[in-house]
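Q: 3D model of this:
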Amino acid sequence: MNINFRYLNALIDGNTKIIEEIYKNNFPSVKRFVLNNSGRIEDVEDVFQKALIQISVRFRKEDIEITSSFNAYLFTVCKNIWRRELNKKKKVTYGEVIELVSEERDQALSFIEIKRQELFVEKLNTLSENCKLILNLYFSKISYAEIIKLTDYSSETVIRQRVFKCKKQLTNLIKKDNRYSDLI
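A: This next block holds a predicted model:
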């Protein structure tokens with residue numbers, strides 16, 4: 001059985017053994033991200049729980065298919081949730097709340113972010129193997145010097161040009177998709 005499917009089913013079925021495995025494999029990276037971005041340990045726990053709930057609800061309602069690894073997908077959902085939390089905190093001034101964001105709106109925003117990510121990954125996967133490699137390295141914040149070592153390219157200038165062309169190609173593919181206008 002596919003590991004993504006196994007994890008998704010465990011969330012739905014409440015399989016504590018596999019859910020503990022999900023925690024063991026993913027909680028440390030989410031914790032590091034949240035704590036490094038103005039969070040507290042309580043925030044990490046809340047974000048992680050919300051992410052697991054959102055993923056399980058989506059799987060139940062839409063029967064989602066995760067094309068990346070489950071761990072990468074979960075981390076992205078956690079990052080999006082934490083960024084929204086930080087944005088909400090920015091709207092609090094002098095102890096007064098300027099804007100109240102409902103839980104439904106929060107879930108809707110999360111849904112849109114996930115759909116954007118899915119569209120991005122889907123279109124990235126339609127690119128040539130070379131473009132996928134270059135962009136994955138670039139998006140992973142690998143330096144141009146390191147990319148040269150990992151590929152057959154000869155200079156940073158050539159890599160920069162290739163990244164630019166591949167990003168442009170990816171952007172065009174995304175913008176041509178009918179779902180794009182619904183997600184902007």
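Q: quick one: buried residues of stretch 81-90?
A: Neighbour-count burial for stretch 81-90, counted by 16 or more other C-beta atoms under 10 Å, picks out 81-82, 84-85. Using the backbone N, CA and C atoms, a C-beta is placed for each residue, glycine as well.
Q: Any stretches of the chain with poor pLDDT?
A: 1, 63, 90-108 (pLDDT under 70).
Q: let's see it at 50
A: Residue ranges of the chain with pLDDT under 50: 92-101.
Q: any idea which residue sits dead centre in it?
A: In the chain, the C-alpha closest to the average C-alpha coordinate belongs to residue 76, at a distance of 2.4 Å (C-alpha atoms, centre = their mean).
Q: secondary structure class for the closest residue to that residue other than its chain neighbours?
A: Once flanking residues are discounted, residue 76 sits nearest to residue 117: 5.7 Å by C-beta to C-beta, 6 or more residues apart in numbering. Here residue 117 takes the helix state, with states given by DSSP: H, G, I helix; E, B strand; the rest coil.
Q: How about the one 5 residues further on?
A: Under three-state DSSP, the three-state class of residue 122 is helix.
Q: ok, now how distant is it from residue 18?
A: For residue 122, the distance to residue 18 (C-beta to C-beta, to the nearest Å) stands at 27 Å.
Q: Let me know how buried residue 12 is, in neighbour terms.
A: 13 (other C-beta atoms under 10 Å).
Q: The closest residue to it other than its chain neighbours: which element?
A: Sequence neighbours aside, residue 56 is the residue nearest to residue 12 in space, at 5.7 Å (criterion: C-beta to C-beta, 6+ apart). Following DSSP states H and E, one finds residue 56 within helix 41-62.
Q: Show me what that helix packs onto, helices and strands only.
A: helix 3-13, helix 16-36, helix 70-90, helix 103-124 (3 or more C-beta pairs under 8 Å, 6 or more residues apart in numbering; DSSP states H and E).
Q: buried set for that helix?
A: Across helix 41-62, burial judged by 16+ other C-beta under 10 Å covers 43-44, 46-48, 50-52, 54-56, 58-59.
Q: Using CSV, please lay out the buried residues of stretch 81-90 together with distance to residue 39.
A: Output for the buried residues of stretch 81-90, formatted as CSV (distance: C-beta to C-beta, whole Å):
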residue, distance to residue 39
81, 11
82, 7
84, 13
85, 8
